[in-house]
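Undergrad: I need the structure of the sequence given here:
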Amino acid sequence: MSRNDTGIEVLVRDNDVEQAIKILKRRAARDGLIKQLKSKKAYEKPSDKRKRKDRESLRRIRKAQARRARRSPRG
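TA: Predicted coordinates:
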């Protein structure tokens, strides 16, 4: 795996294109590229954008709290 100015690069080994496509999709998803492309597909009103950002923020906070709760048992 290497990264250059143009973006994500995936090597195709042993003519296994299917595996390379899988890896490319996984890396694009991890980098947030797919989410960004979907968001640019249509206009999002500023109020909807704010609501979405708030929902995402709350989701991140809840996820972090759940992880902390699992890691440190109360007793």
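
Undergrad: Which residues are in contact with residue 19?
TA: residue 13 (C-beta atoms under 8 Å, 6 or more residues apart in numbering). (Glycine included, C-beta is placed from N, CA and C.)

Undergrad: quick one: it is in a helix?
TA: Yes. Under DSSP: H, G, I helix; E, B strand; the rest coil, residue 19 falls within a helix.

Undergrad: Could you number the chain from 847 rather than 1 from now on?
TA: Yep, numbering from 847; the last one is residue 865 now.

Undergrad: From residue 872, how far out is it?
TA: Plainly put, residue 865 is 11 Å away from residue 872 if you go by C-beta to C-beta, to the nearest Å.

Undergrad: Residue 882 too?
TA: Distance of residue 882 to residue 872, computed by C-beta to C-beta: 16 Å.

Undergrad: likewise residue 916?
TA: Residue 916 is 25 Å from residue 872, where distance means C-beta to C-beta.

Undergrad: Of those two, which one has the most company?
TA: Each of residue 916 and residue 872 has its neighbours counted (other C-beta atoms under 10 Å); residue 872 has more, 11 against 8.

Undergrad: Which strand or helix spans that one?
TA: Assessed by DSSP states H and E, residue 872 sits inside helix 863-877.

Undergrad: next one: that helix to chain centre, how far?
TA: In terms of C-alpha atoms, centre = their mean, to the nearest Å, the centre of helix 863-877 is set 12 Å apart from its chain centre.

Undergrad: Counting by contacts, list what the next helix or strand along the chain from it packs against.
TA: Using DSSP H and E, the helix or strand that follows helix 863-877 in sequence is helix 879-886. Packing partners of helix 879-886 (3 or more C-beta pairs under 8 Å, 6 or more residues apart in numbering; DSSP states H and E): helix 863-877.

Undergrad: Which residues belonging to the helix it packs on are considered buried?
TA: 869, 873-874 (16 or more other C-beta atoms under 10 Å).

Undergrad: got the CA coordinates for it in CSV?
TA: The C-alpha trace of helix 863-877 is given here as CSV (Å, rounded to 0.1, in the frame of the first residue of the first chain):
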residue,chain,number,x,y,z
VAL,A,863,-8.3,-7.9,-10.1
GLU,A,864,-11.3,-8.9,-7.9
GLN,A,865,-9.2,-8.9,-4.8
ALA,A,866,-7.6,-5.6,-5.8
ILE,A,867,-11.1,-4.0,-6.2
LYS,A,868,-12.1,-5.3,-2.8
ILE,A,869,-9.1,-3.7,-1.2
LEU,A,870,-9.6,-0.4,-3.1
LYS,A,871,-13.3,-0.2,-1.9
ARG,A,872,-12.2,-1.0,1.7
ARG,A,873,-9.5,1.7,1.7
ALA,A,874,-11.9,4.3,0.0
ALA,A,875,-14.5,3.6,2.7
ARG,A,876,-11.9,3.9,5.5
ASP,A,877,-10.7,7.2,4.1
